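J.: Sequence and predicted structure below; questions after.
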Amino acid sequence: MALETISVLGGGAWGTALAQVQARHGRPVTLWARNAAAIAEINGSHTNEAYLPGVSLAASLRATPDLTDAMRADVLLLVAPAQQLRAVAGLMRPLLCARQVAVICAKGIEQQSGQLLGQVLRAELPGVPLAVLSGPGFAADVARGLPAALTLGCQDETLGRALAEALSHPEFRLYWSSDMTGVELGGAVKNVLGIAAGIVDGKRLGGSAHAALVTRGFAELRRFSERMGARPETLMGLSGLGDLILTCGSAQSRNMSLGRALGQGQTLADILGSRRAVTEGVYTAQAVRRLALELCVEMPICLAVSAILDGSVSVDAAIMQLLQRPLKAED
């Protein structure tokens, strides 16, 4: 299977950063976007200031509004927001060529169906080889060429290894795993926990509370993911613990910064209204809540975040409910 040419579907921060990584190392890369102004800026001045301010893009990186044009590639990196992935897959379906590979680069769970993004694509693009790219990587860091390491999950281990080798560069290291479910879930659930960590920060509850929140949140992530069929060692890796540390440790994270704003008393509507980029944890929280209840998995932190987001409980009340939970053995 040829893995030479690459198209990135999605012209936001992460899509542009992934395209930049490959273009910087001389790979033919096409970036599909819908915003005409952004396309003109990328092709003309080699910048995408709305999403990656101050980053100079490779002159060889080519943006296009034509999906047919973008689909002429061996590897398709799908960076559309999680809740839009099904619709994008529908547009892709009649344009697929033989022996193409689709790599999911979004993080989330489809809110309406409760399906993982791999399940969505298997339904919408049957027969297409799939992989998922996830792990601790801020778009601005990756676009600037700063070192990052992520996980490439693929049930076909041979294809997974080939993709990881094809897409890796010295400053962009990819480790491969056959546990696609674990790689997906780590990236999805950590977004919900990132909102919780931001609330702790916004309420100025201190470093001790932050450490407790992240640790107990990781226990929730493991319980939930293992019930969904993930392997424990995957969750201890880059796409699980690694991504959780990054998301819960920096206001550069969209999910943590949203939680911080909630903790400071801003409304969800005002926060989202001021943002250009999607904050996936807002949508994933509702899906995680529904699945946790269906699977009888105890996830008090994630359920508290979901309740705060849907307005059924205040931030202060949710914190008090968590602090008043019965004591239990840590394991």
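T.: The structure has been received and is ready for your questions.

J.: Count the residues that sit near the nearest residue in space to residue 144 that is not next to it in sequence.
T.: Excluding the flanking residues, the one nearest residue 144 by CB to CB, 6 or more residues apart in numbering is residue 55, at 6.1 Å. Glycine gets a C-beta too; all of them are placed from N, C-alpha and C. If you count neighbours by other CB atoms under 10 Å, residue 55 ends up with 20.

J.: who's in contact with the spatially most central residue of the chain?
T.: Computing the C-alpha centroid of the chain and ranking residues by CA atoms, centre = their mean puts residue 107 first, at 2.6 Å. Residues counted as contacts of residue 107 (CB atoms under 8 Å, 6 or more residues apart in numbering) are 82, 134, 184, 187-188, 190-191, 280.

J.: ok, 7 Å please
T.: 82, 134, 187-188, 191, 280 (CB atoms under 7 Å, 6 or more residues apart in numbering).

J.: Columns neighbour count on top of those, output as JSON lines?
T.: Output for these, formatted as JSON lines (neighbours: other CB atoms under 10 Å):
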{"residue": "82", "neighbour count": "24"}
{"residue": "134", "neighbour count": "28"}
{"residue": "187", "neighbour count": "33"}
{"residue": "188", "neighbour count": "28"}
{"residue": "191", "neighbour count": "29"}
{"residue": "280", "neighbour count": "23"}
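
J.: what would those look like in TSV with secondary structure?
T.: Shown next, in TSV, are these (DSSP: H, G, I helix; E, B strand; the rest coil):
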residue	secondary structure
82	helix
134	strand
187	helix
188	helix
191	helix
280	coil
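
J.: between those, which is closest to residue 74?
T.: residue 134 (20.9 Å; CB to CB).

J.: Report the rounded mean pLDDT for the one helix or strand residue 122 maps to.
T.: Using DSSP states H and E, residue 122 maps to helix 117-124. Here helix 117-124 scores 97 as its mean pLDDT.

J.: If you count contacts, what does it end up packed against?
T.: Under the contact criterion of 3 or more CB pairs under 7 Å, 6 or more residues apart in numbering; DSSP states H and E, helix 117-124 touches helix 85-92, strand 101-104, strand 130-134, helix 180-202.

J.: picking that back up, so who does the residue nearest to residue 144 touch?
T.: 47, 140, 143-144.

J.: Kindly supply the PyMOL command isolating those of those that are buried.
T.: Command for PyMOL that selects the buried part of the contacts of residue 55, burial taken from 16 or more other CB atoms under 10 Å:
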select buried, resi 47+140+143
